[in-house]
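> Pasting a predicted model and its sequence here:
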Amino acid sequence: MTPRERITELRELLHNHNYNYYVLNAPQISDMDFDMLMRELQDLESAYPDMFDANSPTQRVGSDITKEFKQVAHRYPMLSLGNTYSKTEVAEFYERVKRALNEDFEICCEMKFDGTSISLTYIDGKLVQAVTRGDGEKGDDVTANVKTIRTIPLVLQGYDYPSEFEIRGEVLMPWSVFERLNRQREEEGEPLFANPRNAASGTLKLQDSSVVAKRGLDAYLYYMLGEQLPADGHYENLLIAKQWGIKISDVTRKCRSLEEIFQFIDEQAEARKTLPFATDGIVLKVNSLRQQKHLGYTAKSPRWAIAYKFPAERALTRLNSVSYQVGRTGVVTPVANLDAVQLSGTVVKRASLHNADIIEKLDLHIGDMVYVEKGGEIIPKITGVDTDCRILIGEKVNFITHCPECGTELVRNEGEAAHYCPNENECTPQIKGRIEHFVSREAMNIESLGPETIELMFNVGLIKSVADLYTLHSSDLMFLPRMGAKSAENAIAAIAASREVPFERVLFALGIHYVGATVAKRLARAFRNIDAIMNANLFDLISVDDIGERIAMSVLQFFASARNRELVEALRTAGLKFELDADELSGRTDKLKGLSIVISGVFNHHSRDEYKTMIEKHGGKNVGSVSKSTSFILAGENMGPSKLEKAQKMGVRLVSEDEFLSMLN
Ligand code: IVH
């Protein structure tokens, strides 16, 4: 392979790994391997400057590739637990412990929380560091994000805590928060989180801790480590930690026999169904730390603990048909229609089939008896077919080739699992979906127009696109079913009031794929008006913080369509805001004009995000990684060692927080 071919290969590889890491949150290689590939590409690119490509993974700006989190080695490795689904194996564990100890012992039984694990270090009663599990040996320093979790004390209560200790536990996203977040993501056309565990770990890895703060994470702590712990009992230590203000679960019980353990398991198997967060089993731990030490560890896990996992609840039922739903972005989702069946306390009649690959893998036929499961996921899914029940084989389920709504041939992009209908301008559910999105609370906030009213208005031909809303009169509406003169007037007033909605929300309301409320805000602030956005090229777009290629391409595609440009013009004529308000624009200076500034470390006076905004407001550009063109680094405390080294090597100046603030004043 020539070096030029290798460059092409590396670019493709790194793009894929980027996607696995950031979008899927499912990295397939270690951070180190990733960094090595990146370095190889950087070196090759500087040796072959004619191969320059503005879209190379090395050219990404913003937080997309910067591994902002400092890697920290765990003082005590973060091990996993031996797992079992069988009570017989729980009994075997109990007997093993009994034989090895040959003295009385207690087992502490606790819930197995289904979130993402975290290790907290407290020194002199203050939370100094929070690190993710990572590979068990080292993890990411996510202190800033963890500090936003309100149930984690930043300062301990009382005074009798050891001067230094670690406490480990689980960061969770409660069901209610998870459901709200996914609803919001759906509205914004962003990929949904499959379960609260992924949502919690994805949230902990966000670069912007002010976003984390709004996500409503919670945490339970369950394992204390240190040289001078208060008691010999694990359970007793947890109770003491509780007095320091640390959140410990009340569902923790010391058991003295196998019968007591089984009773706890059976009780919790029921009780977990009404908990506000996900659990997936019970953890059993030998209580005495002395005895734990005696039992020791295998290579991977402690011999003094085991996890009993609850079997995923599943039910067998009949597949009657498969229907296909078209969303506002055109994605076609297959849905299984089932004989109603009771599952985890609810009646299930429909289950998600996700995409064509899954249907193919299951080899589904109409009339099949299928297993439905509600794992960590909220939407039940089909996990298997009981082929023994196939007496008469029904028709094989083949993913449709044409849109069920408009008949257009479906498209499937290479490398993507989803099929979508490309007929965005005439496919009814896509048009209606866009109008619903436009009027939604976070967008134009024309709440009086619910989905039914929109459906009616659309069906009778009153509106064909969102621009038509602004030409309506109350006389057009008052004859619609369930709409009197008063509500028609209210609706018109709400439409008129939406002319005052700020630019960033108008931009969000346009329904550009991947442009959620936050991205819209970023774009509005960076470009200030719609014309600048419409005229931006790929590079302009990805130069904005948090805007990656995927979003940038989608914006370009949206405004490449004459129809969309016409829509903008029609809405502009209708009086909607297509530029930032004067007060948003004011307070801006050119003090940092032309400067590329990297932010690194932890700050005292403002959050990282506030500094980002300040840089933008004063004409500077916030970039993610240090390079020769970096003007300076706004350096807080605990700046990452690799950044520091790079800065020194490249001779990039460090500017302290105070220095930076006085530059602006
Ligand atoms: S104790 C050495 N207790 O389960 C033992 N872990 O497979 C350390 N987990 O990574 C773990 N609830 O994320 C412990 N009550 C609990 C737990 C728990 C959930 C998770 C934890 C760990 C995994 C072990």
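Yep, it's here.

> Can you name the element that comes right after the lowest-mean-pLDDT helix or strand in the chain?
Least confident helix or strand of the chain, by mean pLDDT, DSSP states H and E, is helix 582-585 with a mean of 71. Tracing the chain C-terminally past helix 582-585 and defining elements by DSSP states H and E, one meets strand 596-600 next.

> what about that next one, average pLDDT?
Across strand 596-600, pLDDT averages out at 91.

> go on, stretch 151-171?
For stretch 151-171, the per-residue pLDDT averages 91.

> Tell me the span between the first and last residue of that stretch.
With Cα to Cα, to the nearest Å as the measure, stretch 151-171 spans 10 Å from end to end.

> Tell me which residues of it come out buried.
By 16 or more other Cβ atoms under 10 Å, the buried positions in stretch 151-171 come out as 152-153, 156, 161, 165-171. Yep, even glycine has a C-beta here, placed from its N, CA and C like the rest.

> Which of the residues you listed sits closest to residue 468?
Of all the buried residues of stretch 151-171, residue 171 has the smallest distance to residue 468: 46.4 Å, by Cβ to Cβ.

> tell me which element the closest one falls in.
With DSSP H and E as the test, residue 171 turns up in strand 164-172.

> helices and strands around the next helix or strand after that strand, which ones?
Using DSSP H and E, the helix or strand that follows strand 164-172 in sequence is helix 175-187. Contacts defined by 3 or more Cβ pairs under 8 Å, 6 or more residues apart in numbering; DSSP states H and E place helix 175-187 against helix 196-204.

> what do you get if the cut-off is 6 Å, keeping everything else the same?
Packing contacts for helix 175-187, counted by 3 or more Cβ pairs under 6 Å, 6 or more residues apart in numbering; DSSP states H and E, involve no helix or strand.

> ok, the residue nearest to residue 243 when sequence neighbours are not counted to residue 246 distance?
Nearest non-adjacent residue to residue 243, counting by Cβ to Cβ, 6 or more residues apart in numbering: residue 158, 6.1 Å away. According to Cβ to Cβ, to the nearest Å, residue 158 stands 11 Å off from residue 246.

> now swap in residue 409 and tell me
Distance of residue 409 to residue 246, given as Cβ to Cβ: 58 Å.

> who's more crowded, the two?
When residue 409 and residue 246 are compared for neighbours, residue 246 comes out ahead with 23 against 10, by other Cβ atoms under 10 Å.

> wait, is the more buried one part of a strand?
No: looking at residue 246 with DSSP: H, G, I helix; E, B strand; the rest coil, it is coil, so not inside a strand.

> That one reaches residue 221, doesn't it?
Yes: using Cβ atoms under 6 Å, residue 246 is in contact with residue 221, at 5.2 Å.

> wait, does the host helix or strand of residue 88 contact the ligand?
For residue 88, the host element (DSSP H and E) is helix 87-101. No: Helix 87-101 lies apart from the ligand when judged by Cβ under 6 Å from any ligand atom; the minimum separation is 13.8 Å.

> which residues pair with the spatially closest residue to residue 418 that is not a sequence neighbour across the strands?
Nearest non-adjacent residue to residue 418, counting by Cβ to Cβ, 6+ apart: residue 331, 5.0 Å away. Beta-bridge partners recorded for residue 331 (DSSP bridges): residue 420.

> try residue 109
For residue 109, the beta-bridge partners are residue 253, residue 284 (DSSP bridges).

> residues contacting it?
253, 255, 264, 282, 284 (Cβ atoms under 6 Å, 6 or more residues apart in numbering).

> Surely the second one touches residue 110?
This points to residue 255. No: with contact defined as Cβ under 6 Å, residue 255 does not reach residue 110; the gap is 10.9 Å.

> Buried ones in stretch 419-428, by neighbour count?
For stretch 419-428, by 16+ other Cβ under 10 Å, it's 419-421, 423-424, 427.

> from what I can see, residue 235 looks like it's in a helix, true?
Yes: the assignment for residue 235 (three-state DSSP) places it in a helix.

> what's around it, how many residues?
20.

> circling back to that earlier point, which one among the contacts of residue 109 gets closest to residue 358?
Using Cβ to Cβ, the contacts of residue 109 come closest to residue 358 at residue 282, 31.0 Å.

> Run a quick neighbour tally on that closest one.
Residue 282: 23 surrounding residues under other Cβ under 10 Å.

> Specify the local secondary structure of the nearest residue to it once chain neighbours are set aside.
Nearest residue to residue 282 in three dimensions, chain neighbours excluded: residue 308, at 4.8 Å (Cβ to Cβ, 6+ apart). Under three-state DSSP, residue 308 falls in the strand class.

> Contacts only, for residue 308.
84, 90, 281-282.

> What separation is there between it and the ligand?
Separation of residue 308 from the ligand (Cβ to the nearest ligand atom, to the nearest Å): 11 Å.

> I'd like the distance between residue 10 and residue 493.
58 Å.

> So which of the two has more stuff around it?
Applying other Cβ under 10 Å to residue 10 and residue 493 shows that residue 10 carries more neighbours, namely 20 against 13.

> if I pick that one, what's in contact with it?
Residue 10 sits next to 37, 41 when contact means Cβ under 6 Å, 6+ apart.

> and it, what helix or strand is that in?
helix 3-18.

> So for that helix, mean pLDDT?
For helix 3-18, the mean per-residue pLDDT is 85.

> Can you list the low-confidence ranges for the protein?
The chain contains residues with pLDDT under 70 at 18-26, 31-32, 54-55, 59-68, 188-190, 344-345, 375-378, 583-584.

> So out of everything in it, what residue is nearest the ligand?
The ligand sits closest to residue 117 of the chain, with a gap of 3.2 Å, by Cβ to the nearest ligand atom.

> What residues does the stretch 51-200 of the chain have near the ligand?
79-81, 110, 112-113, 117, 133, 170.

> right, I mislabeled it, should have said the chain
So the chain meets the ligand at 79-81, 110, 112-113, 117, 133, 170, 222-223, 283, 302, 305, 307 (Cβ under 6 Å from any ligand atom).

> rerun at 5 Å
Residues of the chain found near the ligand (Cβ under 5 Å from any ligand atom) are 79-81, 110, 112-113, 117, 170, 222-223, 283, 302.

> Buried ones among those residues?
Applying 16+ other Cβ under 10 Å to the residues of the chain next to the ligand flags 79, 81, 110, 112-113, 117, 170, 222-223, 283, 302 as buried.

> Just the ones in helices from those, please.
Among those, DSSP state H puts none in helices.

> could the residues you listed be laid out in CSV, adding distance to residue 475?
Shown next, in CSV, are those (distance: Cβ to Cβ, whole Å):
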residue, distance to residue 475
79, 71
81, 68
110, 66
112, 62
113, 58
117, 62
170, 59
222, 65
223, 68
283, 67
302, 75
